[in-house]
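> Return a 3D structure for these sequence lines:
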Amino acid sequence: MRKMPYCVVMLISMTAVSQLPAAEWLQFRGPGGQGATNEKNLPLTWSDTENVVWKTELPGFGASSPIALGDRLYVTCYSGYGLDGQDAGDLEDLKLHVVCLGKDGELIWDKMVQPRQPESKRVRDHGYAGPTPVTDGEHLYVFFGKTGVLKFDLAGNQLWQADVGEKTHGWGCGTSPVLYQGLVIVNASVESGSLVAINKNSGKEVWRADGMKASWNTPHLVDTAGGKQELVVSVKDRVLAFDPATGQPLWNCEGIPDYVCPSIVSHEGVVYVIGGRQSRAIAIRGGGKGDVTDSHRLWEAKAGANVCSPVIHEGHLYWVSDRNTVAYCVRMADGEVIYAERFPDQPYASPLLGDGKLYIVTRNGGTYVLAAKPEFEQLAHNKLDDRSTFNASPIAASGRLLLRSDRFLYCIGR
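Numbers count the residues shown, from 1 in each chain. Reported below is the predicted structural model:
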């Protein structure tokens, strides 16, 4: 990756995240939070001896994805306590990390953050660094649950820290921050049952909306037919839409009757929601007002996932369920399940769509590559000699893939 001149960085910082170059990956699930890239010639196969450009040991564990800006990568970690899912040790030794790496995987800086104690004594499966950072091209915004939202400059200097609630949960915090104009918005369901918008310059709270019940998904900005954006979140039993500038409720709809982890995706003003242990997928047309269950809910399908989010490609939704380990393809027009194929390993990561391929990173069984078409076809299965867990969703930048395990960050390329 080439290093961008200062004037270009300043120009980028003045635009919305969704308008930034697709070659960069600036938030959870990339441009628009959709888990898709326009990158071409992405690698199909790799191993420890093939197509690994570099491999860097990280200073801690975590389930957050890296983000890419210019010739730098940024990721979060935790160390000192709760490693390998164990609660042995002293909780007071827990440290949180914000890390910057260079284009060749070299560690540029590692800033430690003291967690707000007492933290949860045990966070199952993904630990204390689940949310992915977001950048506006000039600063980083990081969410560490009870410890709060923090702003850093690109040299690693902390500029402010904002409190969004003090509660914890045995499944930890899994929602990533998103940017809207001058706001940083987080789903603080665990911490306070709230959706919170913070002024990104001052760190002061601008608005707060209640109702974030049993929700571990990242808020999603939806482009409506009227040219405006709606902020949509899936919570237990309902899908909720807000004005992102003010937090004013816009519409709500009957949703997933369970706690919800998968993030929403959207296309042409329609939002697609999956989730729950009962495996459901729902399509809702945005732009409504009040309860739109009868007027804007388009279809419901018997297909879903407990953790993993979907991607959209040429009129179809694709994902692999972590609960029943089934790969799904669902037609967006009417919710018909085109295929539901048994999958060999369990993912927690959400899929990456790129170059006509679906990259499915599983927790311990390697990365599967499927054809992005409404017919199940496995193109490759790639394994690395890394016995730790891969919970982070993969990203694409500058023609390469970035995979994160609990131990290492890998750059995969031709």
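> Hmm, Ala68 is touching Trp25, no?
Yes. Contact between Ala68 and Trp25 holds when scored by C-beta atoms under 8 Å: they sit 4.4 Å apart. Every residue, glycine included, has its C-beta placed from N, CA and C.
> Now do the shared contacts for these two.
Shared contacts of Ala68 and Trp25 (C-beta atoms under 8 Å, 6 or more residues apart in numbering): Ile395, Ala397, Leu402.
> now, among the residues you listed, which is nearest to Glu377?
The shortest approach to Glu377 among the shared contacts of Ala68 and Trp25 belongs to Ile395, at 23.5 Å (C-beta to C-beta).
> Show me the shaky parts of the stretch 51-200 of the chain.
Residues of the stretch 51-200 of the chain meeting the criterion pLDDT under 70: 84-88.
> now the strands for it?
All strands of the stretch 51-200 of the chain, identified by DSSP state E, counting those that start in this stretch, fall at 52-57, 67-69, 72-79, 95-101, 107-113, 134-135, 139-143, 149-153, 158-162, 178-180, 183-188, 194-199.
> Determine which of the ones you listed approaches Thr224 most closely.
Here strand 178-180 is closest among those (C-beta to C-beta), at 14.0 Å.
> Run the chain-centre distance for the closest one.
Distance, stretch centre to chain centre, for strand 178-180: 13 Å (C-alpha atoms, centre = their mean, to the nearest Å).
> Can you list the strands that it pairs with?
Sheet pairing for strand 178-180, assigned by DSSP bridges, gives strand 183-188 (antiparallel).
> CA-only coordinates of the partner strand in PDB, if you can.
Provided in PDB are the C-alpha atoms of strand 183-188 (Å, rounded to 0.1, in the frame of the first residue of the first chain):
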ATOM      1  CA  LEU A 183     -21.100  11.600  15.100                       C
ATOM      2  CA  VAL A 184     -19.700   8.400  16.400                       C
ATOM      3  CA  ILE A 185     -22.600   6.000  17.000                       C
ATOM      4  CA  VAL A 186     -22.400   2.800  19.200                       C
ATOM      5  CA  ASN A 187     -25.000   0.200  20.100                       C
ATOM      6  CA  ALA A 188     -24.400   0.100  23.900                       C
END
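> for that strand, the distance to its chain's centre please.
Distance of strand 183-188 from the chain centroid (C-alpha atoms, centre = their mean) equals 13 Å.
> could you give the angle of that strand to strand 149-153?
Here strand 183-188 runs at an angle of 140 degrees relative to strand 149-153 (axes from the mean of the first three to the mean of the last three C-alpha atoms, to 10 degrees).
> sorry, back to before: the shared contacts of Ala68 and Trp25 in helices, which ones?
Nothing among these maps onto helices, per DSSP state H.
> Looking at the residues you listed, which has the smallest pLDDT value?
Across the shared contacts of Ala68 and Trp25, the member with the lowest pLDDT is Ala397, scoring 94.
> For beta bridges, what are the partners of it?
On the basis of DSSP bridges, Ala397 is bridged to Arg400.
> any idea how far Lys103 is from it?
As judged by C-beta to C-beta, to the nearest Å, Ala397 and Lys103 stand 10 Å apart.
> And those two? Which one has more around it.
Ala397 (24 against 17; other C-beta atoms under 10 Å).
> doesn't Asp71 make contact with the more buried one?
No. Counting by C-beta under 8 Å, Ala397 does not reach Asp71; the two are 10.0 Å apart.
> mean confidence for stretch 32-42?
Rounded mean pLDDT across stretch 32-42 is 96.
> Okay, now that stretch: how far is its last residue from its first?
20 Å (C-alpha to C-alpha, to the nearest Å).
> can you redo the strands of the stretch 51-200 of the chain as a markdown table with distance to Trp251?
Output for the strands of the stretch 51-200 of the chain, formatted as a markdown table (distance: least, C-beta to C-beta, whole Å):
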| stretch | distance to Trp251 |
| --- | --- |
| strand 52-57 | 45 |
| strand 67-69 | 31 |
| strand 72-79 | 33 |
| strand 95-101 | 36 |
| strand 107-113 | 37 |
| strand 134-135 | 25 |
| strand 139-143 | 26 |
| strand 149-153 | 27 |
| strand 158-162 | 28 |
| strand 178-180 | 18 |
| strand 183-188 | 17 |
| strand 194-199 | 15 |
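> can I get those in JSON lines with distance to Pro374 and mean neighbour count?
As requested, the strands of the stretch 51-200 of the chain are exported to JSON lines (distance: least, C-beta to C-beta, whole Å; neighbours: other C-beta atoms under 10 Å):
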{"stretch": "strand 52-57", "distance to Pro374": "32", "mean neighbour count": "16"}
{"stretch": "strand 67-69", "distance to Pro374": "30", "mean neighbour count": "24"}
{"stretch": "strand 72-79", "distance to Pro374": "34", "mean neighbour count": "24"}
{"stretch": "strand 95-101", "distance to Pro374": "38", "mean neighbour count": "22"}
{"stretch": "strand 107-113", "distance to Pro374": "43", "mean neighbour count": "16"}
{"stretch": "strand 134-135", "distance to Pro374": "32", "mean neighbour count": "26"}
{"stretch": "strand 139-143", "distance to Pro374": "36", "mean neighbour count": "26"}
{"stretch": "strand 149-153", "distance to Pro374": "40", "mean neighbour count": "20"}
{"stretch": "strand 158-162", "distance to Pro374": "44", "mean neighbour count": "16"}
{"stretch": "strand 178-180", "distance to Pro374": "30", "mean neighbour count": "22"}
{"stretch": "strand 183-188", "distance to Pro374": "32", "mean neighbour count": "27"}
{"stretch": "strand 194-199", "distance to Pro374": "35", "mean neighbour count": "23"}
